[in-house]
Each structure stands twice: as structure tokens, then as C-alpha cells.
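S.K.: pasting the sequence and the predicted model now:
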Amino acid sequence: MLAALFCIAAVLGFHAGDEPYIVTLPWYEIFSSAARAVAGTIHNPFGLFGARVSVFFIRVLLGYPMLLPLAGFLVLGWRLFRTKPLDPALLFLVYTLLMALDLSAMFGLSAAPFADVMSGTTGRMMASFLSTIIGYPGAWALTTVIGVLLTFYMGWEFITDTIARVSAFFAKASATVRMIRAERTRKRREKEEMQARKKAERMAVVLEKERKKREKKEQRAAKSTPPKPKAAAVEKPVKPPVSLRDEEPESAPPPPPVKLPAIEPIVIPAEVEEIQAPEPAIVRSEEGPDMIINPGVREAEADLDERKLKVRTHDHVQYRFPSIDLLQRPKDEDESYDERHLAETKDRLLEKLRIYKIEVIRIATTVGPRVALFELELAPEVKISRIKSLENDLAMAMASSSGGIRIIAPIPGKNAIGVEIPISKPRPVVMRSVLQVEKFKNNTMALPIVLGKSISNEVVVDDLAAMPHLLIAGATGAGKSVAINVLLTSLLYSKKPDEVKFVLIDPKRVELKPYKLLKDHFLPKIPGMEEQIIVTDPQKAVSALRSVVREMEHRYEMLEKCGVRNIGEYNRKMKDEAMFYLVVVVDELADLMITAGREVEEPITRLAQMARAVGIHLIVATQRPSVDVITGIIKANFPSRIAFQVASKVDSRTILDVSGAEQLLGSGDMLFQSARMSKPERIQCPFISLTEVDAITEFIGDQPPLKTECILPEPPSSNGNGFSSGLDQDRDRRDAMFEEAARLVVLHQQASVSLLQRRLRLGFSRAGRVMDQLERNGIVSAGDGSKPRDVLVKNEDSLELLLRNLD
Ligand SMILES: Nc1ncnc2c1ncn2[C@@H]1O[C@H](COP(=O)(O)OP(=O)(O)OP(=O)(O)O)[C@@H](O)[C@H]1O
């Protein structure tokens, strides 16, 4: 590589002025005293030797086209240095050599002034030979055709690949710059919003002070008015116009007019005037405090198609990520809200609170995709416990025919209550809009999944690997299947087929059908159930789950051997033998629990308890949120849960431990609870249609399959639960590829899982198992972290003897 680099630099440093000295200086005299005498006059930056090399390449060989094969050598050296497979680099080297010959012959045919440095003696000789035999036009035609054919058949892939890499590099760089800019804008906007909010608060205080001052003046004025004997009622102080404490019964007669001193105009400080800027909007109110409408989060958008779409898998298959254009654009991008409806709702809320004698000093609202959250800050003397006891009454009092009202009392850490109320003009959330954000495009999560949009319109993206398992429950038709499609689609848009695999269990037989098309890319095979790409039979589902448990046990052994604690560390250490993540999706746990009960609960619990560290994660959905399906033990091991609309408070408690899901609106309106959240968060799940799912799966299914098959371990027989005993049986049973693998490692005297993967086209797990069997049978040494194993059998004869004895 260094030699190629030096030659390229020397050729680029070629200077015609050096020629007279060099032609008289043969190679063997380069270190002589005569050479030293001319050294001072050499122009080439690499001295005498550089000049000698450049003259040789340019004058004697092929001229400047020699740079092409030199670049070919450079690529070859680089791949050697990185210990990567050499086949593509060798092909490129042959291509560059042939192209250099062809180009220098072409330049040899031309009469251009620079033709001599572009063709060299060899090029000119080829040109004169060709023109003598087939004439000038014939020679031109032949060299052109050869050049085109060579490029088309040998160099095209490399050229397009290089262009793609370069453009991906620039796209990444520009995305980073855009992200930094967006981040700065976001921070600035946040700061402005914070300032505006503070100003609004200050304004509220100023207004409150002015109001109190006015009240006092009015009271003083009323007192100083001489009493009129026949009009005792007028002695009553005038009630302040704005207060929730204003508890005068509606039937009371209006106070008679009193001549009040002229009210001083309220001087609004300059800074308060600024608040009337559009963000945040303020809804003025004649009764009760003004309402601030929070602007909500504006997500930084990003074009997902600008990332590198064409990638290579570990087994060197080209894979293309699905384009964002397979997803439909939102029909209506109108982000406006109905301010009148908000003001009316706020008035209704205050009216109800007034009945309970609760004073509100500040109101703010955030308008989400389907509901608005009203945050009501209470006067300091109002006790939170009182609010808690009123929670149900308030919900009933505000109840609308469509439901959807949820009370959060108190909002964690605040003396405020939150009331979520459906808005009159819902804003649909579609899959495309939640994927086209910086947050998703530039995420560094192991398994990024989009959950939807929060009430503040923030796109919620979480890492399934950190969750580490997800339970989804809700009544039929509430949006579970759409949510599962959303989760799987998020992973398909961000992960390559060698990074993640799915085991799909669908007792309902219809929901996950479209994913059949992913069989050559994302779905591993399970021995004994090859015909069931998506597992639909409950008994087979048990076997599939047991097979995953085996895989988990096997992965633990691999981590132990490598001396690491989790998949992240393992993949960092064993880059070429990285483990893929495995996501197990069960759509309808109830159907499985009814037919297989304990048999299914056991592997699910085992996986939920242990599989996190080895990159196996569960997504389990059910439409029956009852305790016989979501048992205590399952619940305890699924700290992250999603509840869609359910029929009763009891169901909501079964899923989330709190009520609230019974008040949801359906159609993707959900509550998400994770281990790190104190209260569930309301999120609108994006919508993705079956047509879109079909388009994505067809797009992936049409691509060339991976070379290595991914096969999970054979599940233990269904008699008894013997997971660990199954492991011992597996030790005794040798893989069908065992002998072939043994011959391969002995022939190459090299033992690595990636060699078995590549040469025998085995999946990662299976290759790992075969390697373990080779170790147990004394063919290779035990693995020691990242150090390669030794091959203990030194020749093929000894191996054949050993194999015969094994049988
Ligand atoms: N996120 C969403 N946005 C808009 N509409 C939705 C959303 N999710 C679901 N829907 C609507 O609700 C319908 C039913 O959704 P889905 O099939 O996901 O329900 P489900 O909970 O899986 O029902 P089941 O348990 O019967 O399979 C969808 O066809 C769609 O019209």
C-alpha cells in the first residue's frame, strides 16, 4: 500500500525537466556519485528515486493512465491491511490494469500535444500495432468498445459504489451540519419560549396586583360613601369581577349601581406588551385568569432517504433500505387549532372548579394530535389531597359523549392538575411524518422504535433494547395491530437484515401475514417448522419460544467465552462475528394462554427475565387484559407497557396499575408506561395502512436473499419443560454440517465463526454452535476472547481418522 502511494505521488510529481538527467542515469547508478551530482537539479518532490520512478511509468510504461492500476494496488493494500476479503479488490485491480492499457493505446492513437505523457512507449507501440493491422478508425473503434465493455462488466459496481460512498459521506456531513444548526435553533426557540412564558407569568402577577389594588380602592371608595338610610344593600362592598372565590349564588340580585371613583388605567409594562407576540398565544378572558397556549414542540425534520440507503450485509450482499416514498404523505398538514373551542372548554373547566371552590391562578394548554392538555395551577392554599378526591367527580362533570377525558391529579412535582380533553379538530399522525425527523434519522439506538406523538407534539422514539420488553394491551379495534406494524416498520427503516431478526407468532393468522415476504432477510428458520414462516399454531408457538430460549442459552455461553457481559460489548469486541438482535412478536397472547397455558408462560417469563443482555426482546400483545392472560409473573417482567382503549378501569389497572385507559379515544390513542416514568404518558400512535406495509415487505422481499441462512437451535421435545437438559442433549447431537466444517478448518488451518459462516453459508448462531462442537470434539482449541482459536488437528488424514472414531 505504501509503495503504491509512493508511486502515485512520484508520478504526480513528474517533471519533464528531470528527463534529460534521468535517461542518462540507469537504475543501478541511482546511488552512485554521478547521481548525487545531478540530485540538486531534480524537480520531482521525491528526489532522484521519485523522478526515476515517474519517468519509468510515464515514458516507458503507459503514461499517466498508470495511475489507475496504482490506485488498484492501493485499494488492494488497504483491504489487506484491514484483513477484509480480497476478491473485490483483485477484480478492481485487473479492471484498472486493462483500462490503463486500453487508455494508453487510445492516447497513442491520438495526435494531441499531451498524448506522449498519456500513452508512454508501451501505449504508442500498441497503438501503432493496432493501426497497422486494422487501420486508425478500426483501432479507435476497438479500443473504445473494449473500454466501454470493461467498465460495464467489471468496473461499474465499483464506480457506482464509490460514487454512493462519496455522496453518502457528503450527505452525512451535511446532515450533521444541519443537525447542529437545528439543535441551535431549537435551543434558541426554547430559550425564547421560556422567556415568553416567564414574561406571561410576570404579566399574570402584575395583573393580579392591579386587580387587588383596584379591589382595595373600590372597597375604600365604597366605605367612604355616606350611608343612605333607605338603601342598606348598597353598603355591601362591590365583588371583584374576576375570581374563582366569587361564590355569590346566581340567584342573588345584582348589586345596585355604585358611583365608583374612576379606575386608574392599568399600566402594562413594556415587557408585558411584548408577550402579545404570537408565541405562546394567550386567550384573554373576562372571567378567570388568561390562558396561555403553549406552542408545542416543533420537531426538526430530516429526509430519511438522504442517508446511505444502499448497504452491504456481513455476508457481502447488497441491501437497500426501503425508501420513505413507500409511505403515504399526510393528507392534511394543517397544524392550526380551534381557539374558540379551547376557550369554551377552559371556561367550562373553571366553572366546574368554581363549584368545588377551587381557585385557579394560572392556566396553560398544550394542543396535541387528538387531545389538549389543560394545566391548571392552583392557589397555594388548595390541598392536593382535595383534588385527588375530586378527580372522579371532575371527570364526570366534564364528561362528553365521545369520552377521552383524563385527569392527572397532580401533575408530578407541581401544584397543578392536568385535564386532557379531546379537541374539535384532531390532527392525524401518519407513519411517514414521524419517521422524517432528525431524532429518528440520526438515532444511535440498538432497536429504535417510534411510538407516536406526545401531547406536546414531540415524536416519541424509544429503544426497545432498553425497555427491554413491551406489553401491548387494549380492546379489539383500539389499534394494537397498527401499533405492531408501526414498531416493526420503525425497525425495518433503521436496521439491516444482519442486525435484527424477527420471530413472529400470530395465532390469529392474519395480522402478521404480510411479513412472510421477509423470510429471506429478517426471519430465522426454526428446525421442525420450516413450513411455518410465521408461527400460527399455538403448539408450534411453544416450540418456537423454546427454540428462542435455547438461542438465549447459547448466546450466554458465547458471552462467557468472550469474557463480556452483554451483546453490546460482544459486538464491539467481535466485530466480524457480531450477533444480531432478535425481536419476538406475539400477536395475541390470550389465544396462546388459553390453549397452552403454563407451557407458554414459562418460556415467555424466562426470556423476559434473562434475554435482555443477549439482545433478545419481546413484544407481546393481547386484546384480553385479564389477569389469567397478563399474569402477575408476566406483568412483573414487562416494565414497559402500552395500553390502548379498554372497557373498564379494572382492565386499565391490570395493564398499567392505574386507571385512565378506559377513558382513551381508540384508534391509536394510547398510554405508554416505562420503568423510568412515574406516570403513563398519553401518545397518539401513528397510522400505517396495510397497503404501506405490503409495499415495504414486497420491496425487501424482492431483493437478493442473504447468503447465510439464519437457523435457530432445535427446540427441546415438548415432553417436560427441560430447558437446561435440552442443552445437554444438544451437546451430544452433532450438526449436519459438522464434518464439512471440520474439513474446512483443517484445510485452512484457521478456525473462526466467520469462516464457517462465509464458506458454508451458515447463519451466525448455527456457525457458533458448530464451532462449539468442533471444540468439544478436540478439533479446535477453546475460544479466548478475540484471540483466534488454534486448529488442533494438523492434517486431513488425522482428521478422517478422528471422524471415523467419533462415529
Ligand atoms: N394509530 C391509528 N391512527 C388512526 N386510526 C387507527 C390507528 N390505529 C388503529 N386505527 C383504526 O382502528 C382500526 C382497528 O385497528 P387495529 O386493527 O390495529 O385494532 P386491534 O386493536 O388490533 O384490533 P383486534 O384486536 O381486533 O385485532 C384500524 O383499521 C384503523 O381504522
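M.R.: Looks like it came in fine.
S.K.: tell me the residues of the stretch 251-400 of the chain that contact the ligand?
M.R.: By Cβ under 6 Å from any ligand atom, no part of the stretch 251-400 of the chain sits against the ligand. Using the backbone N, CA and C atoms, a C-beta is placed for each residue, glycine as well.
S.K.: can you pull out the strands in the stretch 251-400 of the chain?
M.R.: 281-283, 291-294, 310-312, 318-320, 360-367, 371-378 (DSSP state E, counting those that start in this stretch).
S.K.: give me the neighbour count for the residue nearest to residue 4 when sequence neighbours are not counted.
M.R.: Nearest non-adjacent residue to residue 4, counting by Cβ to Cβ, 6 or more residues apart in numbering: residue 73, 3.8 Å away. If you count neighbours by other Cβ atoms under 10 Å, residue 73 ends up with 20.
S.K.: confidence score at residue 73?
M.R.: The confidence metric pLDDT takes the value 89 at residue 73.
S.K.: what packs against the helix or strand containing it?
M.R.: Using DSSP states H and E, residue 73 sits in helix 67-81. Here helix 67-81 touches helix 2-12, helix 87-109, going by 3 or more Cβ pairs under 8 Å, 6 or more residues apart in numbering; DSSP states H and E.
S.K.: and it, C-alpha only, in CSV?
M.R.: Output of helix 67-81 as CSV, limited to C-alpha atoms (Å, rounded to 0.1, in the frame of the first residue of the first chain):
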residue,chain,number,x,y,z
LEU,A,67,-2.2,5.9,-12.0
LEU,A,68,-5.2,3.6,-12.4
PRO,A,69,-3.5,0.3,-11.6
LEU,A,70,-1.5,2.1,-8.9
ALA,A,71,-4.8,3.1,-7.4
GLY,A,72,-5.9,-0.6,-7.8
PHE,A,73,-2.8,-1.7,-5.8
LEU,A,74,-3.6,1.0,-3.2
VAL,A,75,-7.1,-0.4,-2.7
LEU,A,76,-5.7,-4.0,-2.5
GLY,A,77,-3.2,-2.9,0.1
TRP,A,78,-5.9,-1.2,2.1
ARG,A,79,-8.1,-4.3,2.2
LEU,A,80,-5.1,-6.4,3.1
PHE,A,81,-4.3,-4.0,5.9
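S.K.: between helix 2-12 and it, find me the angle.
M.R.: 160 degrees (axes from the mean of the first three to the mean of the last three Cα atoms, to 10 degrees).
S.K.: quick one: residues contacting residue 622.
M.R.: 471-473, 588-590, 629-630 (Cβ atoms under 8 Å, 6 or more residues apart in numbering).
S.K.: of those residues, closest to the ligand?
M.R.: residue 588 (7.5 Å; Cβ to the nearest ligand atom).
S.K.: give me the pLDDT for the closest one.
M.R.: 87.
S.K.: now it. Its backbone dihedrals?
M.R.: phi 90, psi 80 (degrees, to the nearest 10).
S.K.: that one: how many residues sit nearby?
M.R.: Neighbours around residue 588, by other Cβ under 10 Å: 23.
S.K.: next: residue 389.
M.R.: So residue 389, with other Cβ under 10 Å, has 12 neighbours.
S.K.: same check on residue 49?
M.R.: What residue 49 shows, counting by other Cβ under 10 Å, is a neighbour count of 17.
S.K.: quick one: it from residue 10, how far?
M.R.: 8 Å (Cβ to Cβ, to the nearest Å).
S.K.: got the residue ranges for the strands in the stretch 401-550 of the chain?
M.R.: Going by DSSP E, counting those that start in this stretch, the stretch 401-550 of the chain shows strands at 406-408, 416-422, 448-454, 459-463, 470-473, 500-505.
S.K.: helices and strands around the shortest one, which ones?
M.R.: Here strand 406-408 touches helix 384-398, strand 416-422, going by 3+ Cβ pairs under 8 Å, 6+ apart.
S.K.: just the fourth one next, same as before
M.R.: Packed against strand 459-463, as judged by 3+ Cβ pairs under 8 Å, 6+ apart, are the following elements: helix 438-441, strand 448-454.
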